[in-house]
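S.K.: Fold the following, please.
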Amino acid sequence: MEADSRRRNQPAPPAAILEALTNPYRDPTRPWLSLLEGEQTPRLVEVDKPDIVIWSSLWTERPDARIRFDLAAEDQRTGLRWTLLVDEPLPEPALLGHMCRRLNQLINANLRYTFGQ
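M.R.: Numbers count the residues shown, from 1 in each chain. As a prediction, the model looks like this:
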């Protein structure tokens, strides 16, 4: 079940974004996947190059959650959509809000900043 989804442009081309999502610790000089208490490094569930990456859950409290990333080439940039998928029941509103804010922070801020914006 789709719990939430957001789309934003990333300043890097799709190949660079795909590499960052499939190997988030590849460049120690540009860390972006900084985890909080109760979070875990996601594992790759699926990679369909060049435009889909699916992660397992970031949250120990919701191991059923998955994050799907859809990448679209836009000139030299990438249109990147993350979609939070969860099993029923949906998380409580406070937890769901926290999960979405964390994805926004990690993807639409931290990852974005590693590419210069």
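
S.K.: Please settle this for me: is Asp64 part of a strand?
M.R.: No. Under DSSP: H, G, I helix; E, B strand; the rest coil, Asp64 sits outside any strand and is assigned coil.

S.K.: Over to the residue lying closest to it once chain neighbours are set aside: give its phi and psi.
M.R.: Counting by Cβ to Cβ, 6 or more residues apart in numbering, Asp64 lies nearest to Asp87, which is 4.2 Å off, once chain neighbours are set aside. C-beta: built from backbone N, CA, C; applies to glycine. Main-chain torsions, Asp87, degrees, to the nearest 10: phi -80, psi 160.

S.K.: Pull up the per-residue confidence for Asp87.
M.R.: On the pLDDT scale, Asp87 is placed at 95.

S.K.: Neighbours of it, how many?
M.R.: Close neighbours of Asp87, defined as other Cβ atoms under 10 Å, add up to 12.
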